[in-house]
Each structure stands twice: as C-alpha cells, then as structure tokens.
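Engineer: here is my input, please return the structure:
(one chain, ligands or ions: 1)
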Amino acid sequence: MNENKRIIHVIGMGPGSDDMITKEAKDALDQSDVLIGYNVYLDLLRDNYGYKEMLSTPMKQEVERCRMCFEETIKGKRVSMVCSGDAGIYGMASIMFEISEEYEEEFEIKVIPGITAATSGAAVLGAPLNHDFCVISLSDLLTPWEKIEKRLRAAAEGDFAISIYNPSSKKRHDYLKRACEILMESIEDDRPCGYVKNIGREGTECKVCTLRELSVEEVDMFTTVFVGNSQTRIIDGKLVTPRGYKR
Ligand code: SAH
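Structural biologist: Residues are numbered from 1 along each chain as shown. From the prediction side, this is the model:
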C-alpha cells in the first residue's frame, strides 16, 4: 500500500439504531474529523457524534457530496462519507471510486460494510430471504423504468425471493402497485409478501400480506418490501422462505 495515499472511509451505518452499527464502522467514525452525508443520516448520528464537524449537500447533489469528501481530505482532515445501510448497496461507495479518478492526488477509499435494509428488514419479518434472492430498486432516477420492469419479470421467472428498495416516493407513489402488477403476470396473487417501515428507527412497523394486498398498500420511501418465492410460507405470523432441510 502506498503510504502517501490519503484515506477516506465510506461507512455503511446500518438501518438507523446505534446497536446496528458495526464496531468497525464505529471505530472509523471515532477516528474521523468530519462526517459527510445526507442530512437524514447525519441526524441519526448526532446523539453520539454531534461533536464532530458534519457537512452535507441536499438530495440529488450526491456527486457534489462526494467531491466535498475529497476536498476536505486534501485540506488535511480525516473524512468519512456516511451512508445508511450498506454503502455499497444503493449507496455512495461506487461513485466515490468514480470521482476519485478526477483527482491527481492519490486516495485510498476504504469501504466499511453495514447492515443493509434487506437483511435487517428480513429479520423483522422472519426469514423471507433464506434462499436465492435478489434486490431490486424501483427508483427510476438513475435506471430506466423499462429495465426495472425487465428485472422484475426476470426475478419472477427465476423464482427468486425479492427484496424491493425505494418502493415509493412523492413523485412515484404508484410504483409498487405497478411492480406488483408485473409480478402478478406470472406469480399467483396470494404469494406471501411483506414489508417493514422504519427498520431500526422510531416507529418500526411491519406487515405480512399477499401479493394482491401488497399492490394496494400505501408505503413510503422508508419502507423495504419483500416478495416470497414459490416455497415461501407464513409460519406463526412470520414470513419464511425454507432452504429445503425438511424436504
Ligand atoms: N444503502 C441503503 C439503501 C439506500 S436506498 C441500505 O443498504 O439499506 C433507500 C431505500 O432503502 C429506501 O427507499 C428503503 O427501501 C430502504 N431502506 C433504507 N433504510 C431503511 C430503513 N431504516 N427502514 C426501511 N427501509 C429502509
């Protein structure tokens, strides 16, 4: 490793609660002079790290937020970019590597993994992802909707359990309904499904339901959705995708 490289940490801070931040992430946060991230996530860290310098940019200014990390590092500060869940799952890890190419200085970007919403939400519901599964985001800000539809159909065709991120937003309030309708082209409409709101935060709420019921549920952007595979069952109110041990 080049000793002269400046280190930037890209930290996944889990779904929200302090208990779900890894020790490695806490150590990196402790060692940082400045924490950079989206305001909602910085607010979650304020109780324990409020004494640190915190910098942010508004939503949709993610690239500027990354540049801020490099600029502050060049000033000589120890910088951490913080993301919710895992930084490498719909997070800022990849864009940090891409932006690093713009600089002449050498940086070492250290990604610290976090508990992503798929696994923390799955734990609330039971064990819905306990076989092959895939993760699909319904956000079409960076991905064309046609591709999202293609991936939904492919996931259904492959009989994957599915974890859906970004199921809704103010502008995209009917996207989950559209996604469910696509899935129901090939999946039976009583397929066990579920969702969890505000995982690891105040107001955690979860529900187990059928795919048909899911299609008319009102969910918000702090919700992660789960669609079972053909073997998924409800056991004592929990959503369970068997691995096959009992067959
Ligand atoms: N990097 C994050 C994902 C960011 S994309 C991670 O690994 O978890 C944002 C989406 O993640 C949200 O729309 C929601 O679907 C999901 N999500 C993130 N945090 C959540 C939480 N605390 N509760 C429920 N869903 C969450």
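Engineer: mind jotting down where the helices sit in this protein?
Structural biologist: Assigned by DSSP state H, the helices in the chain fall at 23-31, 39-49, 62-74, 93-100, 117-125, 145-157, 175-183, 211-214.
Engineer: so which of those helices is the most packed in?
Structural biologist: Of all these, helix 117-125 carries the top mean neighbour count, a mean of 23, counting by mean count of other CB atoms under 10 Å. For the C-beta atoms, the positions are set from N, CA and C on the backbone; glycine is no exception.
Engineer: so which residues make contact with that helix?
Structural biologist: With contacts defined as CB atoms under 8 Å, 6 or more residues apart in numbering, helix 117-125 is touched by 14-15, 20, 84-85, 89, 128-129, 133, 135, 163, 165, 194-196, 199-200, 204, 206, 208, 224, 226, 238-239.
Engineer: CSV for the helices of the chain, including distance to the ligand?
Structural biologist: Formatted as CSV, those follow (distance: least, CB to the nearest ligand atom, whole Å):
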stretch, distance to the ligand
helix 23-31, 13
helix 39-49, 9
helix 62-74, 11
helix 93-100, 9
helix 117-125, 4
helix 145-157, 14
helix 175-183, 10
helix 211-214, 14
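Engineer: follow-up on the earlier one: contacting the ligand as well, which ones from the contacts of helix 117-125?
Structural biologist: The subset of the contacts of helix 117-125 within reach of the ligand, by CB under 6 Å from any ligand atom, is Pro15, Ser84, Gly85, Ile89, Tyr165, Val196, Ile199, Gly200, Thr224.
Engineer: mark which of the residues you listed are buried, thanks.
Structural biologist: By the neighbour-count criterion of 16 or more other CB atoms under 10 Å, these include these buried positions: Pro15, Ser84, Gly85, Ile89, Tyr165, Val196, Ile199, Gly200, Thr224.
Engineer: out of those, flag the one nearest to Tyr51.
Structural biologist: Of all these, Tyr51 sits closest to Ser84, with 21.3 Å by CB to CB.
Engineer: quick check: the residue of this structure nearest the ligand.
Structural biologist: Gly85 (1.9 Å; CB to the nearest ligand atom).
Engineer: what's opposite that residue in the beta bridge?
Structural biologist: As for beta bridges, Gly85 partners with Gly14 under DSSP bridges.
Engineer: correct me, but it touches Ile115?
Structural biologist: Yes. Between Gly85 and Ile115 a contact is recorded at 6.7 Å, counting by CB atoms under 8 Å.
Engineer: overlap in contacts of the two?
Structural biologist: Contact with both Gly85 and Ile115 is made by residues Gly12, Gly14, Pro15, according to CB under 8 Å, 6+ apart.
Engineer: now those residues in CSV, with pLDDT?
Structural biologist: Converted to CSV, the shared contacts of Gly85 and Ile115 look like this (pLDDT from 0 to 100):
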residue, pLDDT
Gly12, 98
Gly14, 97
Pro15, 96
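Engineer: ok, now which ones touch Trp215?
Structural biologist: Quick fix: residue 215 is Ser, not Trp. Counting by CB under 8 Å, 6+ apart, Ser215 touches Leu176, Lys177, Cys180, Glu181, Met184.
Engineer: list the contacts for Cys180?
Structural biologist: Leu211, Arg212, Leu214, Ser215.
Engineer: could I get the pLDDT score of it?
Structural biologist: pLDDT recorded at Cys180 is 98.
Engineer: just the one 3 residues further on next, same as before
Structural biologist: The predicted structure scores Leu183 at 98 on the pLDDT scale.
Engineer: pretty sure it contacts Leu211?
Structural biologist: Yes. The pair formed by Leu183 and Leu211 meets the contact definition of CB under 8 Å, at 6.3 Å.
Engineer: which secondary element of this protein has the worst mean pLDDT?
Structural biologist: None of the helices or strands of the chain scores lower by mean pLDDT, DSSP states H and E than helix 39-49, at a mean of 92.
Engineer: which strands or helices does that helix pack on?
Structural biologist: In terms of contacts (3 or more CB pairs under 8 Å, 6 or more residues apart in numbering; DSSP states H and E), helix 39-49 is packed against strand 34-37, strand 53-55, strand 79-83.
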